[in-house]
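[1] Only the shape, not the letters, is given here:
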Ligand code: ADP
(Lines give C-alpha, C1' and ligand atoms only; values in the text may rest on other atoms or scores of the structure.)
Protein backbone atom coordinates (compact mmCIF):
# COMPACT_ATOMS: atom_id res chain seq x y z
CA UNK A 1 0.00 0.00 0.00
CA UNK A 2 1.27 3.48 -0.91
CA UNK A 3 0.02 6.65 0.73
CA UNK A 4 1.09 10.24 0.12
CA UNK A 5 0.00 13.01 2.47
CA UNK A 6 0.30 16.72 1.78
CA UNK A 7 3.21 16.50 -0.68
CA UNK A 8 4.39 19.92 -1.87
CA UNK A 9 7.52 20.52 -3.92
CA UNK A 10 9.20 23.44 -5.69
CA UNK A 11 12.12 23.65 -8.09
CA UNK A 12 13.73 26.88 -6.89
CA UNK A 13 10.83 29.34 -6.81
CA UNK A 14 8.49 27.41 -9.09
CA UNK A 15 5.87 25.26 -7.33
CA UNK A 16 5.45 21.92 -9.08
CA UNK A 17 3.32 19.92 -6.64
CA UNK A 18 0.89 21.36 -4.09
CA UNK A 19 -0.66 19.43 -1.25
CA UNK A 20 -0.78 16.15 -3.14
CA UNK A 21 -2.57 13.27 -1.38
CA UNK A 22 -3.02 9.84 -2.88
CA UNK A 23 -3.56 6.25 -1.91
CA UNK A 24 -2.94 3.01 -3.79
CA UNK A 25 -4.04 -0.26 -2.20
CA UNK A 26 -1.83 -3.34 -2.21
CA UNK A 27 -1.75 -4.96 -5.66
CA UNK A 28 -3.52 -2.08 -7.42
CA UNK A 29 -2.29 0.19 -10.19
CA UNK A 30 -3.08 3.89 -10.01
CA UNK A 31 -2.80 5.73 -13.32
CA UNK A 32 -1.83 9.38 -13.08
CA UNK A 33 -2.71 11.34 -16.17
CA UNK A 34 -1.43 14.83 -16.84
CA UNK A 35 -0.13 16.92 -19.71
CA UNK A 36 3.59 17.25 -20.32
CA UNK A 37 5.19 19.42 -17.61
CA UNK A 38 2.41 18.80 -15.07
CA UNK A 39 4.82 17.20 -12.57
CA UNK A 40 4.32 13.47 -13.16
CA UNK A 41 8.01 12.57 -13.29
CA UNK A 42 8.72 14.82 -10.30
CA UNK A 43 6.06 12.98 -8.30
CA UNK A 44 7.59 9.59 -9.15
CA UNK A 45 11.06 10.87 -8.21
CA UNK A 46 9.75 11.91 -4.80
CA UNK A 47 8.22 8.49 -4.24
CA UNK A 48 11.45 6.80 -5.35
CA UNK A 49 13.39 8.97 -2.88
CA UNK A 50 15.42 10.73 -5.57
CA UNK A 51 14.08 14.11 -4.36
CA UNK A 52 13.63 14.29 -0.62
CA UNK A 53 13.44 18.07 -0.07
CA UNK A 54 9.64 18.20 -0.07
CA UNK A 55 6.81 18.82 2.34
CA UNK A 56 4.47 16.04 3.36
CA UNK A 57 4.83 12.35 4.09
CA UNK A 58 5.26 9.12 2.13
CA UNK A 59 4.09 5.77 3.52
CA UNK A 60 4.71 2.33 2.05
CA UNK A 61 2.93 -0.63 3.64
CA UNK A 62 2.07 1.53 6.68
CA UNK A 63 5.70 2.48 7.30
CA UNK A 64 6.79 6.06 6.86
CA UNK A 65 9.62 6.22 4.29
CA UNK A 66 9.73 10.02 3.74
CA UNK A 67 13.40 10.43 4.63
CA UNK A 68 14.68 7.06 3.37
CA UNK A 69 17.29 6.96 0.61
CA UNK A 70 16.26 5.20 -2.64
CA UNK A 71 18.25 2.01 -1.82
CA UNK A 72 16.19 1.49 1.34
CA UNK A 73 12.77 1.74 -0.31
CA UNK A 74 12.39 -1.48 -2.38
CA UNK A 75 10.84 0.64 -5.10
CA UNK A 76 11.71 0.23 -8.79
CA UNK A 77 11.48 3.02 -11.37
CA UNK A 78 10.95 2.19 -15.05
CA UNK A 79 11.11 4.93 -17.65
CA UNK A 80 10.57 5.36 -21.37
CA UNK A 81 14.16 4.38 -22.01
CA UNK A 82 14.83 0.87 -20.81
CA UNK A 83 18.09 1.47 -18.98
CA UNK A 84 19.82 -1.89 -19.36
CA UNK A 85 23.45 -2.74 -18.65
CA UNK A 86 24.92 -2.69 -22.17
CA UNK A 87 27.73 -5.14 -21.40
CA UNK A 88 25.41 -7.79 -19.90
CA UNK A 89 23.23 -10.29 -21.79
CA UNK A 90 19.44 -10.45 -21.52
CA UNK A 91 19.77 -13.28 -18.98
CA UNK A 92 22.37 -11.40 -16.93
CA UNK A 93 20.37 -8.17 -17.00
CA UNK A 94 17.27 -9.91 -15.65
CA UNK A 95 19.32 -11.91 -13.12
CA UNK A 96 21.16 -8.81 -11.84
CA UNK A 97 19.10 -8.25 -8.68
CA UNK A 98 19.53 -11.89 -7.65
CA UNK A 99 23.24 -11.97 -8.52
CA UNK A 100 23.99 -9.03 -6.22
CA UNK A 101 21.97 -10.73 -3.48
CA UNK A 102 24.09 -13.87 -4.02
CA UNK A 103 21.06 -16.10 -4.61
CA UNK A 104 22.14 -19.71 -5.25
CA UNK A 105 22.64 -20.69 -8.86
CA UNK A 106 19.80 -23.19 -9.34
CA UNK A 107 17.21 -20.92 -7.79
CA UNK A 108 18.46 -18.01 -9.87
CA UNK A 109 18.35 -20.06 -13.09
CA UNK A 110 14.79 -21.19 -12.39
CA UNK A 111 13.50 -17.70 -11.58
CA UNK A 112 15.17 -16.01 -14.53
CA UNK A 113 14.08 -18.72 -16.99
CA UNK A 114 10.53 -18.46 -15.67
CA UNK A 115 10.47 -14.72 -16.28
CA UNK A 116 12.09 -15.06 -19.70
CA UNK A 117 9.26 -17.41 -20.69
CA UNK A 118 6.52 -15.29 -19.15
CA UNK A 119 7.78 -12.15 -20.86
CA UNK A 120 8.10 -13.81 -24.27
CA UNK A 121 11.89 -13.50 -24.43
CA UNK A 122 12.67 -17.14 -25.27
CA UNK A 123 15.66 -17.53 -27.55
CA UNK A 124 17.04 -14.08 -26.67
CA UNK A 125 18.86 -14.95 -23.41
CA UNK A 126 22.36 -14.50 -24.81
CA UNK A 127 21.75 -11.33 -26.77
CA UNK A 128 23.10 -7.98 -25.67
CA UNK A 129 20.68 -5.05 -25.30
CA UNK A 130 21.86 -3.42 -28.52
CA UNK A 131 20.59 -6.47 -30.41
CA UNK A 132 17.00 -5.97 -29.15
CA UNK A 133 13.99 -4.00 -30.40
CA UNK A 134 12.45 -1.27 -28.22
CA UNK A 135 9.66 -3.55 -27.03
CA UNK A 136 12.08 -6.37 -26.22
CA UNK A 137 14.27 -3.97 -24.22
CA UNK A 138 11.23 -2.92 -22.19
CA UNK A 139 10.44 -6.58 -21.49
CA UNK A 140 13.97 -7.11 -20.18
CA UNK A 141 13.76 -3.95 -18.04
CA UNK A 142 10.44 -5.20 -16.68
CA UNK A 143 11.98 -8.62 -15.92
CA UNK A 144 14.86 -6.98 -14.10
CA UNK A 145 12.39 -4.96 -12.02
CA UNK A 146 10.12 -7.90 -11.18
CA UNK A 147 12.85 -10.31 -10.14
CA UNK A 148 13.56 -8.33 -6.97
CA UNK A 149 9.88 -8.49 -6.01
CA UNK A 150 9.54 -4.74 -5.38
CA UNK A 151 6.98 -3.31 -2.95
CA UNK A 152 6.17 -0.67 -5.56
CA UNK A 153 6.72 -0.23 -9.27
CA UNK A 154 6.92 3.29 -10.71
CA UNK A 155 6.16 3.40 -14.43
CA UNK A 156 7.04 6.64 -16.20
CA UNK A 157 5.51 6.58 -19.70
CA UNK A 158 7.29 3.26 -20.32
CA UNK A 159 5.71 2.70 -23.75
CA UNK A 160 5.79 6.24 -25.12
CA UNK A 161 8.49 5.53 -27.70
CA UNK A 162 7.01 2.26 -29.02
CA UNK A 163 4.92 1.90 -32.17
CA UNK A 164 1.22 1.42 -31.67
CA UNK A 165 0.97 -2.32 -32.09
CA UNK A 166 4.01 -3.03 -29.85
CA UNK A 167 2.64 -0.56 -27.32
CA UNK A 168 -0.69 -2.37 -27.19
CA UNK A 169 1.01 -5.75 -26.72
CA UNK A 170 3.18 -4.35 -23.94
CA UNK A 171 0.24 -2.68 -22.18
CA UNK A 172 -1.57 -6.02 -22.15
CA UNK A 173 1.48 -7.94 -20.93
CA UNK A 174 2.30 -5.43 -18.17
CA UNK A 175 -1.26 -5.39 -16.97
CA UNK A 176 -1.49 -9.18 -16.78
CA UNK A 177 1.89 -9.68 -15.13
CA UNK A 178 1.49 -6.88 -12.58
CA UNK A 179 -1.81 -8.48 -11.50
CA UNK A 180 -0.37 -12.00 -11.45
CA UNK A 181 2.48 -10.85 -9.21
CA UNK A 182 0.23 -8.65 -7.06
CA UNK A 183 2.52 -5.65 -7.55
CA UNK A 184 1.40 -2.20 -6.42
CA UNK A 185 2.19 0.40 -9.06
CA UNK A 186 1.93 4.01 -10.14
CA UNK A 187 1.62 4.44 -13.89
CA UNK A 188 2.08 7.98 -15.21
CA UNK A 189 1.20 9.02 -18.74
CA UNK A 190 0.05 12.04 -20.74
CA UNK A 191 -2.07 9.64 -22.82
CA UNK A 192 -5.68 9.55 -21.59
CA UNK A 193 -6.53 6.23 -23.26
CA UNK A 194 -3.46 4.57 -21.82
CA UNK A 195 -4.24 5.94 -18.36
CA UNK A 196 -7.74 4.43 -18.53
CA UNK A 197 -6.44 1.10 -19.84
CA UNK A 198 -3.61 0.60 -17.38
CA UNK A 199 -5.13 1.73 -14.10
CA UNK A 200 -7.43 0.01 -11.63
CA UNK A 201 -7.95 3.58 -10.44
CA UNK A 202 -7.12 6.95 -11.92
CA UNK A 203 -5.97 10.42 -10.93
CA UNK A 204 -5.46 13.68 -12.79
CA UNK A 205 -2.46 15.94 -12.13
CA UNK A 206 -3.13 19.51 -13.17
CA UNK A 207 -1.59 22.82 -12.09
CA UNK A 208 0.32 21.04 -9.33
CA UNK A 209 -2.84 19.55 -7.81
CA UNK A 210 -3.77 15.90 -7.92
CA UNK A 211 -7.33 14.68 -7.98
CA UNK A 212 -7.89 10.97 -7.41
CA UNK A 213 -11.27 9.84 -8.75
CA UNK A 214 -13.78 7.57 -7.01
CA UNK A 215 -14.16 5.53 -10.19
CA UNK A 216 -12.99 5.36 -13.78
CA UNK A 217 -16.44 6.56 -14.83
CA UNK A 218 -16.09 9.69 -12.69
CA UNK A 219 -12.87 10.51 -14.57
CA UNK A 220 -14.53 9.90 -17.93
CA UNK A 221 -17.47 12.12 -16.96
CA UNK A 222 -15.27 14.98 -15.67
CA UNK A 223 -14.97 17.71 -18.34
CA UNK A 224 -11.39 18.32 -17.07
CA UNK A 225 -10.24 14.87 -18.26
CA UNK A 226 -11.05 15.76 -21.88
CA UNK A 227 -12.52 12.29 -22.55
CA UNK A 228 -16.00 13.52 -23.50
CA UNK A 229 -14.53 16.12 -25.83
CA UNK A 230 -12.44 13.51 -27.60
CA UNK A 231 -15.40 11.15 -27.83
CA UNK A 232 -17.54 13.88 -29.42
CA UNK A 233 -14.79 14.55 -31.94
CA UNK A 234 -14.72 10.92 -33.13
CA UNK A 235 -18.51 10.71 -33.14
CA UNK A 236 -18.72 13.85 -35.27
CA UNK A 237 -16.77 12.28 -38.15
P1 LIG B 1 5.98 15.74 -16.52
O2 LIG B 1 6.66 14.48 -16.10
O3 LIG B 1 4.51 15.77 -16.20
O4 LIG B 1 6.22 16.09 -17.96
P5 LIG B 1 7.99 17.04 -14.86
O6 LIG B 1 7.81 16.46 -13.50
O7 LIG B 1 9.10 16.49 -15.68
O8 LIG B 1 6.60 16.95 -15.66
O9 LIG B 1 8.20 18.61 -14.72
C10 LIG B 1 7.32 19.43 -13.97
C11 LIG B 1 7.81 20.86 -13.99
O12 LIG B 1 9.05 20.98 -13.31
C13 LIG B 1 8.04 21.42 -15.39
O14 LIG B 1 7.63 22.76 -15.40
C15 LIG B 1 9.53 21.28 -15.58
O16 LIG B 1 10.01 22.27 -16.47
C17 LIG B 1 10.06 21.51 -14.17
N18 LIG B 1 11.32 20.77 -13.91
C19 LIG B 1 11.52 19.45 -14.07
N20 LIG B 1 12.77 19.10 -13.69
C21 LIG B 1 13.37 20.25 -13.27
C22 LIG B 1 14.67 20.56 -12.74
N23 LIG B 1 15.58 19.60 -12.55
N24 LIG B 1 14.92 21.85 -12.44
C25 LIG B 1 13.99 22.81 -12.59
N26 LIG B 1 12.74 22.59 -13.07
C27 LIG B 1 12.43 21.33 -13.41
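    Nice, thanks for sending it over. Please read all numbers here as calculations on a predicted model, not as lab measurements.
[2] what packs against the helix or strand harbouring residue 106?
    For residue 106, the host element (DSSP states H and E) is helix 105-118. Here helix 105-118 touches helix 90-100, helix 134-146, going by 3 or more C-beta pairs under 8 Å, 6 or more residues apart in numbering; DSSP states H and E. Every residue, glycine included, has its C-beta placed from N, CA and C.
[3] Dump these to JSON lines, plus mean pLDDT, distance to residue 234 and mean neighbour count.
    Putting the helices and strands packed on helix 105-118 into JSON lines (pLDDT from 0 to 100; distance: least, C-beta to C-beta, whole Å; neighbours: other C-beta atoms under 10 Å) gives the following:
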{"stretch": "helix 90-100", "mean pLDDT": "95", "distance to residue 234": "40", "mean neighbour count": "20"}
{"stretch": "helix 134-146", "mean pLDDT": "93", "distance to residue 234": "27", "mean neighbour count": "23"}
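[4] pLDDT of the helix holding residue 106, averaged?
    In this model, helix 105-118 carries a mean pLDDT of 95.
[5] list the contacts for the residue nearest the centre of the chain?
    By C-alpha atoms, centre = their mean, the chain has its centre lying nearest to residue 155, at 1.5 Å. Residues in contact with residue 155, defined by C-beta atoms under 8 Å, 6 or more residues apart in numbering, are 78, 174, 185-188, 198.
[6] Also residue 222?
    By C-beta under 8 Å, 6+ apart, the contact list for residue 222 reads 204, 213.
[7] Quickly find the element holding the nearest residue to residue 55 once chain neighbours are set aside.
    Counting by C-beta to C-beta, 6 or more residues apart in numbering, the nearest residue to residue 55 once its immediate chain neighbours are dropped is residue 8, at 4.1 Å. Element membership of residue 8 [criterion: DSSP H and E] is strand 2-11.
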